[in-house]
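Novice: Quick check, what structure comes out for this input:
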Amino acid sequence: GKVVVAVDDDSFTIGPWGSDSSVRDWTEATIWAHLCYRPFIGAMLENDELQMYAAKSVTKVDDATYDVEIYDNIVDSQGNAITASDVVYSYDKLAELGFVSEISLYYGSSEATGDYTLTINLKDSSEGAIEAVLCDCSIASQSWYENASEDEINSNPATTGAYIITDMVTGSGVTLEAKDDYWKTEDKADAEFQNVKEIEIRCITEASSRTIALENGEIDMAEISSEEVGRFEDNEDYNVTKYLNGMSQYLIFNCSEGHACSDVNVRLGVAYAFDAYNMSLSAGECVMSHDVAPNLGPDYVDAWDEEEYFDYNLDLAKEYLAAAGYDESNPLVLSFLNSSQAPQQPYVALQSMLAEANIVLNIDSQDRAARQAIQNDPTAWDMCEYSNSVADFTTTYWNDLFGGENNQCFVEDETMQELLAAAIADRSEENMNAFHEYIKEQAYIVGAYTEVRSIVSTAGITDIALQKLNPLLNAMTFTEDYVSVEG
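Specialist: Predicted coordinates:
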């Protein structure tokens, strides 16, 4: 059978290592073998919850050292045999390229100890580190990669996963086909399933055009905007799957010395002067934040969602700002960094709300590359928007934002670091609450919202497998009478 899927992004990167895109998110684990596969958020190696993929076994030597044995029959789609040295090459190459932050953060080095055995060394052995390293690196043949042209790497790659690329038009579409002679026949990870023979991915950037294509029988499945999903929800010809987007939005205050936002009264004044719900209106259906992290990790305390979290209060906002020396005669002026590729309506709404509290927000929209170049520069901005995803635990998410000297808000706070370390060491409700409450009091970063995504498919597709909160296209289930729009 076949399935035709529409995605909203025309930046196609399907080589083994590349920058994020919808196509990569939806296909990487299917076309490229990884040592292991993480079937759900929070799956841990020590609990035997990771699925073995290219790895046959993983053995812990100590907290920072792991021995890995890979299968001895792995071959790519062009017949190149994969050995431990190819795995080492893949990890070193991805670490050098820097596309996956978890590899840059946790991976130290690796060494082939035999044809099919290697040792992985972590440079940071925090909880969740080995899982991220084992599951986040695509494996490719060194000899193929070094001898292939740039065009071959990105349009006709020698894939090591369960599917090959049969057709590729950059910015338009890509077609995957299940390998007839895939090297693994049993004990397959979810990403190795071959439930459908052919997967065609088409780029349709306009949300309304994806809706029309689905209604006209041109595609079998697509992500549909929250404004239009209602057209499919009570229609027996379609199935709707809703899920929280992996990326959650938050606002960062630059707390470095000399900046206005180093004053807690300024931060609390701003936090109470905007309503995250009003910000989110243009983003469609959203879940409001009650912590800087969304409610996705197994250690998130559900009771937080019943508490008040910077509920809009203009009078209180003005009180805090007055305590910091700002009022109508002396307005607070802040530069606000955001991404020009992101929808701007939420930040125009933010700007408008803050103006009511005598705060002048000067929006500085930069493209992705320029923005990344100044994101970590404490002289470049006062406030910014950012997003992050929960890979395993709320504490890992917190650590990404607040951990160490180079934290996202440029703050030096020993109490914060002690509370964070305690929560990471023991994710008890008491420790989780202590850090959560402290960050609310200090308001270094304020959570905003997480978008709700909707995948709509024709009725013959009965179950959308979700991996890392993206559909796993090879593992969907179908009715016996399913027929693709392509026949």
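
Novice: rest of the way, CA atoms for contacts and neighbours
Specialist: Fine.

Novice: neighbours of residue 317, just the number please.
Specialist: Using other C-alpha atoms under 10 Å, residue 317 is surrounded by 22 other residues.

Novice: The strand ranked longest in the chain pairs with which strands?
Specialist: Using DSSP state E, we find that the single longest strand of the chain is strand 238-253. Strand 238-253 pairs in its sheet with strand 383-389 (antiparallel), strand 445-458 (antiparallel), by DSSP bridges.

Novice: what's the next secondary structure element after it?
Specialist: Next helix or strand after strand 238-253 toward the C-terminus (DSSP states H and E): helix 264-272.

Novice: now that following helix and strand 383-389, what's the angle there?
Specialist: Interaxial angle of helix 264-272 relative to strand 383-389 (axes from the mean of the first three to the mean of the last three C-alpha atoms, to 10 degrees): 70 degrees.

Novice: How far away from the center of its chain is the next helix or strand after helix 264-272?
Specialist: Remark: after helix 264-272, the chain's next helix or strand is helix 276-280, criterion DSSP H and E. With C-alpha atoms, centre = their mean, to the nearest Å as the basis, helix 276-280 stands 21 Å off its chain's centre.

Novice: now what about the helix or strand following helix 276-280, what contacts it?
Specialist: Sequence order places strand 286-288 as the next helix or strand after helix 276-280, per DSSP H and E. Applying C-alpha atoms under 8 Å, 6 or more residues apart in numbering, the set of residues contacting strand 286-288 from outside is 276-277, 280, 448-452.

Novice: between these, which has the most around it?
Specialist: In terms of neighbours by other C-alpha under 10 Å, those top out with residue 448 at 29 neighbours.

Novice: okay, how far is it across stretch 114-123, tip to tip?
Specialist: In stretch 114-123, first residue to last residue: 23 Å (C-alpha to C-alpha, to the nearest Å).

Novice: If we go by neighbour counts, what in it is buried?
Specialist: 116-122 (16 or more other C-alpha atoms under 10 Å).

Novice: Dig out what the closest residue to residue 179 other than its chain neighbours forms beta bridges with.
Specialist: Distance criterion C-alpha to C-alpha, 6 or more residues apart in numbering; nearest residue to residue 179, sequence neighbours excluded, is residue 163 at 5.3 Å. With DSSP bridges as the criterion, residue 163 is bridged to residue 178.

Novice: same check, this time on the one 5 residues further on
Specialist: Partner residues in beta bridges with residue 168: residue 174, with DSSP bridges as the criterion.

Novice: picking that back up, average pLDDT for the longest strand of the chain, rounded please.
Specialist: Averaged across strand 238-253, pLDDT comes to 88.

Novice: Low-confidence ranges, the protein, go.
Specialist: 246, 467-470 (pLDDT under 70).

Novice: What separation is there between residue 287 and residue 452?
Specialist: Using C-alpha to C-alpha, residue 287 is found at 7 Å from residue 452.

Novice: What of residue 268?
Specialist: For residue 268 relative to residue 452 (C-alpha to C-alpha), the value is 27 Å.

Novice: got it, and residue 228?
Specialist: Here residue 228 is placed at a distance of 13 Å from residue 452 (C-alpha to C-alpha).

Novice: and what of residue 102?
Specialist: Applying C-alpha to C-alpha to residue 102 and residue 452 gives a distance of 25 Å.

Novice: cool, and residue 392?
Specialist: As judged by C-alpha to C-alpha, residue 392 and residue 452 stand 19 Å apart.

Novice: Phi first, then psi, for the residue of the chain most remote from its centre.
Specialist: Using C-alpha atoms, centre = their mean, the residue of the chain lying farthest from its centre is residue 329. It sits 43.0 Å away. Main-chain torsions, residue 329, degrees, to the nearest 10: phi -80, psi -20.

Novice: Ok, residue 426 next?
Specialist: phi -150, psi 110.

Novice: Quick check: it vs residue 419, distance?
Specialist: Plainly put, residue 426 is 11 Å away from residue 419 if you go by C-alpha to C-alpha.

Novice: Looking at these two, which is more packed in?
Specialist: A side-by-side neighbour count of residue 426 and residue 419, using other C-alpha under 10 Å, places residue 419 first with 19 against 13.

Novice: who's in contact with that one?
Specialist: 431, 434-435.

Novice: Toward the C-terminus, what is the element adjacent to the helix or strand where it lies?
Specialist: Using DSSP H and E, residue 419 maps to helix 414-425. Proceeding N to C from helix 414-425, the next assigned helix or strand is helix 429-442, under DSSP H and E.

Novice: sorry, back to before: is it true that the residue nearest to residue 179 touches residue 31?
Specialist: Yes: the criterion here is C-alpha atoms under 8 Å, and residue 163 meets it with residue 31 at 5.0 Å.

Novice: Using TSV, lay out the buried residues of stretch 114-123 together with distance to residue 298 and secondary structure.
Specialist: Formatted as TSV, those follow (distance: C-alpha to C-alpha, whole Å; DSSP: H, G, I helix; E, B strand; the rest coil):
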residue	distance to residue 298	secondary structure
116	35	coil
117	33	strand
118	31	strand
119	30	strand
120	27	strand
121	27	strand
122	24	strand
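
Novice: how deep is residue 170 tucked in, by neighbour count?
Specialist: When neighbours are counted by other C-alpha under 10 Å, residue 170 comes out with 15.

Novice: For residue 358, see how far away it is.
Specialist: From residue 170 over to residue 358 (counting by C-alpha to C-alpha), the distance is 48 Å.
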